[in-house]
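Trainee: Here is my input; please provide its structure:
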Amino acid sequence: MLNWLESLPLSVWVHESPSVWAQPTVLTLHTMGMAVLVGATWVLDLRILGISRNVPLSAFRWTFGAVAVGLIVNLITGVLLFMGRATTWGTAFPFLIKMILVVASAATLLPIRSYVLHGDPDQRDVSSRVRLLAIASILTWAGAITTGRLLAYLVP
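Mentor: As a prediction, this is how the structure comes out:
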């Protein structure tokens, strides 16, 4: 299956085309999607951890739309980037770690989202459970980004 993914015309075009619309654009969009996804998540996480405590949590509801856009962009571009190196990355331990960290990061967002969207609109105090989720979110996103960047050096 991994060989099949690598041989698909779309994969070959993205990874072998000299066009600026191929690999450079996909990689740029992946980076921008990550900036939006992780940036919006960290804005919310930092508020939960006490930065701008005077601003109610309801003021941060906008972050979920930004996170959704960033996640969709990164899912699409991530699959395109993976397809070109499927046989290498599909069996590489660092890539598996990255994917586990991405899933763990996204999983922390679900209970945080519920807490923010269904809580008191003027809520300023945050439970210790949600603060722990915010810390876990920051750490897992940092780990996913670091592991993803290290793939270029750790996986031949």
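
Trainee: check contacts around Leu150.
Mentor: By CB atoms under 8 Å, 6 or more residues apart in numbering, Leu150 lies in contact with Pro94. C-beta coordinates here come from the backbone N, C-alpha and C atoms, glycine included.

Trainee: In which helix or strand does it reside?
Mentor: Element membership for Leu150 (DSSP states H and E) is helix 128-154.

Trainee: Pop out the phi and psi values for the residue of the chain most remote from its centre.
Mentor: Within the chain, Asp122 marks the point farthest from the mean C-alpha position, 28.6 Å out by CA atoms, centre = their mean. Note on Asp122: its backbone torsions stand at phi -100, psi 10 [degrees, to the nearest 10].

Trainee: Now do the same contact list for it.
Mentor: Residues counted as contacts of Asp122 (CB under 8 Å, 6+ apart) are Pro56, Ser58.

Trainee: same thing but at 10 Å, please
Mentor: Applying CB atoms under 10 Å, 6 or more residues apart in numbering, we find Asp122 in contact with Pro56, Leu57, Ser58, Ala59.
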